[in-house]
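S.K.: The following block contains a protein sequence and its predicted model.
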Amino acid sequence: MNEDLGLPISHWRRLWLYAFGGLVLLFLIAPSLIIVPMSFSGSTLLQFPPQEWSLRWYEAYFQSVEWRDATIVSLKAAILTTIVATPIGVAAAYALNSRMLRMSGFINALMTASLIVPVILVGIGTFFIYARVGLNNTMTGLVLAHTVQALPLVMLTVLSGFRSYDMNQERVARSLGAGRFAAFWQVTVPQIRFSIVSGALFAFITSFDEVVVSFFISGGEVTTLTRRMFNALRDQIDPTIAAISTCLIVLSVVLLSMAQLFGRRR
């Protein structure tokens, strides 16, 4: 509202804000607008714009045994991370929202610490800990490390869903004879399921796209796709990297679109 006249602010007065927001969005999506066309180049070098168009680099990606194995490792790690991080994150959000824990503020800060600490420090610390217990270059170690990074996202996403949910509904169900778990599963979960699904998708994407921690603790038969991409950029640069990056962009867009469609149906 206009403070002087008490009139609503027109869209023309907000034009600078729209322009600024458009520039920010353009800055964020500009790399994708360059990478995607480069992936269809027929040249052996990264060129933009491409001089000729071809699908040869997508064929090179899907026909390569090394790239296929790395993709399978990343998919396994992402799926297992989602399976582990989602129930733990939901339980943590439930406990924090219902004030069941003492020092809830400290516990919340502790669980979200991985979002604040630089990822390179997390990777170095994880590497030295795993070196002592023998978890480097193992799927178990990879899933545990990715769970630490995905857990805060799941917890915060589900916690936001709890903020718009009335816990009295669950208490009423329990007062009518339902057990705590039955009341949670039958009353609470259906009403926060969009937040749970969104948190699970965030966990999957976080694990699948993670590169820094995976660079320290993955290797050999447990080499992730992102680490192999990093090694390929260091050793040889060809449009195969652009093709894989395009596939990752498409995967992320599809998963987030599915989450939005699920929320609208709800």
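M.R.: Sure, I can see it. Residues are numbered from 1 along each chain as shown.
S.K.: can you confirm Pro50 is in a strand?
M.R.: No - counting by DSSP: H, G, I helix; E, B strand; the rest coil, Pro50 falls outside a strand, being coil.
S.K.: Which residues are in contact with the closest residue to it other than its chain neighbours?
M.R.: The shortest distance from Pro50 to any non-neighbouring residue, by Cβ to Cβ, 6 or more residues apart in numbering, is to Ser41 (3.6 Å). C-betas here are computed from N, CA, C, even on glycine. By Cβ atoms under 8 Å, 6 or more residues apart in numbering, Ser41 lies in contact with Gln47, Pro50, Gln51, Glu52, Trp53, Ser54, Trp57, Pro239, Ala242.
S.K.: Could you count how many residues lie near Asp209?
M.R.: Counted with other Cβ atoms under 10 Å, the neighbours of Asp209 add up to 16.
S.K.: ok, it touching Thr224?
M.R.: No - in this structure, Asp209 is not within contact of Thr224 by Cβ atoms under 8 Å, at 9.8 Å.
S.K.: just to revisit the earlier point, across the sheet, point out what pairs with the residue nearest to Pro50.
M.R.: Beta-bridge pairing of Ser41 under DSSP bridges involves Trp53.
S.K.: Tell me the pLDDT of it.
M.R.: Per-residue pLDDT puts Ser41 at 73.
S.K.: ok, so what distance separates it from Ile35?
M.R.: Ser41 sits 11 Å away from Ile35, going by Cβ to Cβ, to the nearest Å.
S.K.: Overlap of the contact sets of the two?
M.R.: The contact sets of Ser41 and Ile35 overlap at Ala242 (Cβ under 8 Å, 6+ apart).
S.K.: for this protein, what spans make up the helices?
M.R.: Secondary structure of the chain (DSSP state H): helices at 15-39, 56-63, 65-97, 104-111, 119-133, 139-163, 168-175, 180-183, 189-209, 212-217, 225-235, 240-265.
S.K.: If you count contacts, what does the shortest one end up packed against?
M.R.: When you say that, I think you mean helix 180-183. Under the contact definition 3 or more Cβ pairs under 8 Å, 6 or more residues apart in numbering; DSSP states H and E, helix 180-183 sits against helix 168-175.
S.K.: go on, the first one?
M.R.: Counting contacts by 3+ Cβ pairs under 8 Å, 6+ apart, the secondary-structure elements packed against helix 15-39 are helix 240-265.
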